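Undergrad: I'd like to go over a predicted model; first the sequence, then the structure.
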Amino acid sequence: MSSPAPSFTPVPAHVPAHVRPFQSSWLARAGWLLLFIYLVYAMASLDFSWTRFVAGLEHGAKFISRMFPPDFTRWDLLVKGMAESLQMAVLASFIGVIISLPLGLLAARNLMPGFITWPVRVIIIACRSYNPVIVAIVAVKAVGFGALAGIIALTVASVGFVAKLFAEAIEEISMKQIEAVRATGASFGGVVIFGVLPQVMFRFIGFAAYETDANLRNSTLVGIVGAGGIGGTLFAAFQRFDYDFVFAIVLTIIALIMLGELLQIGVKKVFRQ
Amino acid sequence: MSTALEIRNLDKAYVAGKPVLRGINLSIEGNGITAIIGPSGTGKSTLIRCINRLVEPTSGEILFEGKDLVKLNRAELRAARSRIGMVFQEYNLVERLSVMENLLTGTLGKTPALKAFFRRFDPDDIRRAWEMLEVVGLTGFANARADSLSGGQRQRVGISRAVMQHPALLLADEPTSSLDPKTSVEIMELLARISDSKGIPVIINMHDVDLAKRFASRIIGMSGGHVVYDGGADGLTDEVLKSIYGGEGWLQ
């Protein structure tokens, strides 16, 4: 740059012109390289190749051709399984939310002392540790085949998820409003009902709707291990190579999930404040 | 006049060895507004909050209705709190509740939690809430949500909530600091009217010295955790203000 006009402040001499403003980290580059090498290695060792894919396609085409047209002739079996899945999902969500309400409150660190929040948090984490299918396997062993095992599995999963969200929502509330309710001489119950609940209720409803949606999907899965619902029917159809019936079931599940989505939108609209 | 509140040798240190309040002695009588002025960080809010133990005092005595508030257990403290109304700088309304519900929050001290849950409040309290809404000029806002109101309206709801408690003492922590000058005067007038009509003392923290002079019958100047001035508004000379706030350039 040529000499600046006298009225301007000259650029301070000590700003080093040769230092690049954006530095790339060698560590990050090495990380990317390592990831790339691992991907190549994994592909090679798993026979994840184009020739294998083409060979598989043939098989897939045969499979898909046997799926058409979807076979709804055994609709009674389909409806019974779907109804059971739906009932399991709704029951598990409801029970899960009811259990999560006190657990979430007890786990909230802004309202409860550490010696209460920690044990409760451990319970919640334990509920979340396993996929519902694994819990379902255990539940089937414990209480036998059928919907009860599925409901238990889905309830455990719901508690692990919803109680954590509840606790986090409670931890984000405004303590100023709580302070004011406390200052009126309200009991702890009064503080919860008039200070905490109004601040978190609309979020709780959103979480509950979301969890119902998740349970709807999971309820179609736990049947595979014998815990009731459409999953059992689906698994049986697969094993008998009744792919047209499989397709009918899959279509119905998609329809149900879409219905759940609509329900969720509706619930949020009603309770949006 | 009888003594409504007596504070003896009150100390508060949030961190041991760094006291915020040092040996406060005050006695508040009868009715009327007592203003506490002083620089930011001098413990005015702490003092107010020590009275209803939103902040736990480190040592000292606070005598109210024949009891030492500092020594009360939880149930007794709740009963005492329900007799002390409090008004906040940022109103501290429960934003998602209606104006009516916020007013009835003032009766939670005597309403069992389950009844409150189903909104089964004492019909007498509900009637008083309607009256109170009329007094503060918010008739027609009963079902409005608190967060839909303006600052001045919110503070009037905050004051109404405190009055619903049937308080024997009203505390206000900078009730006008978030409001414009005109609304501030209206809020101070409302507090003065309540003090007068209910015959209860009102203790107000404030930053606005002129507003304090105009409405308070007694002014307490605090500095460095001590009471450095205690007297009428007329005694609040420039010399005294200098001793409270320090410096003098700001007085021009």
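TA: Noted; the coordinates are in hand.

Undergrad: Show me what from the stretch 1-150 of chain B comes close to chain A.
TA: Proximity of the stretch 1-150 of chain B to chain A (C-beta under 8 Å from any C-beta of the partner chain) is limited to residues B:52, B:54, B:78-86, B:88, B:90, B:92-97, B:101, B:105-109, B:111-114, B:116-117, B:145. Yep, even glycine has a C-beta here, placed from its N, CA and C like the rest.

Undergrad: Got the domain ranges for the chain?
TA: In the absence of a named chain, this looks at chain A. According to automatic domain parsing, chain A is divided into the following domains: A:26-67, A:75-271.

Undergrad: other chain: chain B
TA: B:1-83+B:170-175+B:201-245, B:89-166.

Undergrad: from the ones you listed, which stretch is densest packed?
TA: Compared across the domains of chain B, domain B:89-166 shows the largest average neighbour count, a mean of 19 (mean count of other C-beta atoms under 10 Å in any protein chain shown).

Undergrad: Can you check the distance spanned by that one, start to finish?
TA: 21 Å (C-alpha to C-alpha, to the nearest Å).

Undergrad: Centre of the chain to it, how far?
TA: With C-alpha atoms, centre = their mean, to the nearest Å as the basis, domain B:89-166 stands 17 Å off its chain's centre.

Undergrad: Same check on stretch A:60-77?
TA: 30 Å.

Undergrad: ok, now stretch A:102-121?
TA: 22 Å.

Undergrad: What residues of it count as buried?
TA: With burial defined by 16 or more other C-beta atoms under 10 Å in any protein chain shown, the residues of stretch A:102-121 counted as buried are A:103-108, A:111-112, A:117, A:120-121.

Undergrad: so where's the stretch 151-273 of chain A uncertain?
TA: Along the stretch 151-273 of chain A, the model assigns pLDDT under 70 to residues A:271-273.

Undergrad: Get me the contact residues on it for chain B.
TA: A:174, A:176-177, A:179-187, A:189-190, A:192-195, A:198-199, A:201-202, A:273.

Undergrad: Among the residues you listed, name the buried ones.
TA: If we count by 16+ other C-beta under 10 Å, these have these buried: A:176-177, A:179-187, A:190, A:192-195, A:198-199.

Undergrad: mind listing which of the residues you listed are in strands?
TA: Secondary structure from DSSP state E places none of these in strands.

Undergrad: Quick check: helices, which of those residues are part of them?
TA: Judged by DSSP state H, the subset of those located in helices is A:176-177, A:179-183, A:190, A:198-199.

Undergrad: quick revisit: please identify which of the buried residues of stretch A:102-121 is nearest to chain B.
TA: Of all the buried residues of stretch A:102-121, chain B sits closest to residue A:105, with 13.1 Å by C-beta to the nearest C-beta.

Undergrad: which phi and psi does residue B:237 have?
TA: As for residue B:237, its main-chain torsions (degrees, to the nearest 10) stand at phi -80, psi 170.

Undergrad: circling back to that earlier point, among the domains of chain A, which is the most enclosed?
TA: In terms of average neighbour count - mean count of other C-beta under 10 Å - the standout among the domains of chain A is domain A:75-271, at a mean of 20.

Undergrad: Distance from the chain centre to that one, please.
TA: Taking C-alpha atoms, centre = their mean, one finds domain A:75-271 lying 10 Å from the centre of the chain it belongs to.

Undergrad: Let me see the contact set for residue B:185.
TA: residue B:211 (C-beta atoms under 8 Å, 6 or more residues apart in numbering or on different chains).

Undergrad: To clarify, my last question referred to residue A:242.
TA: Residue A:242 neighbours (C-beta under 8 Å, 6+ apart): residue A:71.

Undergrad: mind redoing it with 10 Å?
TA: Residue A:242 makes contact with A:66-67, A:71, A:74, A:236, A:248-249 under the criterion C-beta atoms under 10 Å, 6 or more residues apart in numbering or on different chains.

Undergrad: Next: residue A:123.
TA: Here residue A:123 is in contact with A:99, A:103, A:106-107, A:159-160, A:163 (criterion: C-beta under 10 Å, 6+ apart).

Undergrad: quick one on the thing from earlier: can you check which of the domains of chain B gets nearest to residue A:84?
TA: Proximity to residue A:84 (C-beta to C-beta) singles out domain B:89-166 among those, at 34.7 Å.

Undergrad: Quick one: mean pLDDT over stretch B:215-225.
TA: The average pLDDT for stretch B:215-225 rounds to 91.

Undergrad: With just CA atoms, put that stretch into CSV.
TA: Output of stretch B:215-225 as CSV, limited to C-alpha atoms (Å, rounded to 0.1, in the frame of the first residue of the first chain):
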residue,chain,number,x,y,z
PHE,B,215,-42.8,9.0,48.6
ALA,B,216,-40.9,7.8,51.6
SER,B,217,-41.5,9.0,55.1
ARG,B,218,-38.3,7.5,56.1
ILE,B,219,-35.1,6.9,54.2
ILE,B,220,-32.3,4.5,55.1
GLY,B,221,-29.0,5.1,53.4
MET,B,222,-26.7,2.1,53.1
SER,B,223,-23.1,2.0,52.1
GLY,B,224,-20.6,-0.9,52.4
GLY,B,225,-23.1,-3.1,54.2
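
Undergrad: With residue B:44 as the reference, measure out to the residue of the stretch 1-150 of chain A found nearest chain B.
TA: Nearest to chain B, among the residues of the stretch 1-150 of chain A, is residue A:101, at 12.6 Å (C-beta to the nearest C-beta). According to C-beta to C-beta, to the nearest Å, residue A:101 stands 39 Å off from residue B:44.

Undergrad: And the strands in the stretch 1-150 of chain B?
TA: Listed in chain order, the strands of the stretch 1-150 of chain B (DSSP state E, counting those that start in this stretch) span B:3-12, B:21-29, B:32-37, B:59-64, B:67-68, B:84-87.

Undergrad: want to throw these into CSV with mean pLDDT?
TA: Shown next, in CSV, are the strands of the stretch 1-150 of chain B (pLDDT from 0 to 100):
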stretch, mean pLDDT
strand B:3-12, 90
strand B:21-29, 90
strand B:32-37, 93
strand B:59-64, 92
strand B:67-68, 92
strand B:84-87, 94
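
Undergrad: can you redo these as a markdown table with distance to residue B:156?
TA: Below are these laid out as a markdown table (distance: least, C-beta to C-beta, whole Å):
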| stretch | distance to residue B:156 |
| --- | --- |
| strand B:3-12 | 24 |
| strand B:21-29 | 24 |
| strand B:32-37 | 17 |
| strand B:59-64 | 26 |
| strand B:67-68 | 31 |
| strand B:84-87 | 10 |
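
Undergrad: that older thread, quick one: closest of the domains of chain A to residue B:220.
TA: Judging those by C-beta to C-beta, what sits closest to residue B:220 is domain A:75-271, at 21.1 Å.

Undergrad: For the stretch 151-252 of chain B, which residue gets nearest to chain A?
TA: residue B:165 (5.8 Å).

Undergrad: where does the stretch 151-252 of chain B dip in pLDDT?
TA: B:252.

Undergrad: for chain A, what are the nearby residues on it?
TA: The stretch 151-252 of chain B comes close to chain A at residues B:158, B:161-162, B:164-165, B:167, B:171, as judged by C-beta under 10 Å from any C-beta of the partner chain.

Undergrad: Farthest-apart pair in those residues, please.
TA: B:164 and B:171 (14.9 Å).

Undergrad: Now do the contacts for residue B:7.
TA: B:21, B:24-28, B:47, B:50-51, B:57, B:60-64, B:69-70, B:227.

Undergrad: Determine the longest helix present in the chain.
TA: Just going to use chain A. Longest helix in chain A, counting by DSSP H: helix A:75-107.

Undergrad: not quite, I wanted chain B
TA: If you go by DSSP H, chain B has its longest helix at helix B:181-198.

Undergrad: tilt between that helix and strand B:32-37?
TA: Using axes from the mean of the first three to the mean of the last three C-alpha atoms, to 10 degrees, the direction of helix B:181-198 lies 140 degrees away from that of strand B:32-37.

Undergrad: circling back to that earlier point, closest one to residue A:29 among the strands of the stretch 1-150 of chain B?
TA: Across the strands of the stretch 1-150 of chain B, closest to residue A:29 is strand B:3-12 (C-beta to C-beta), at 56.0 Å.
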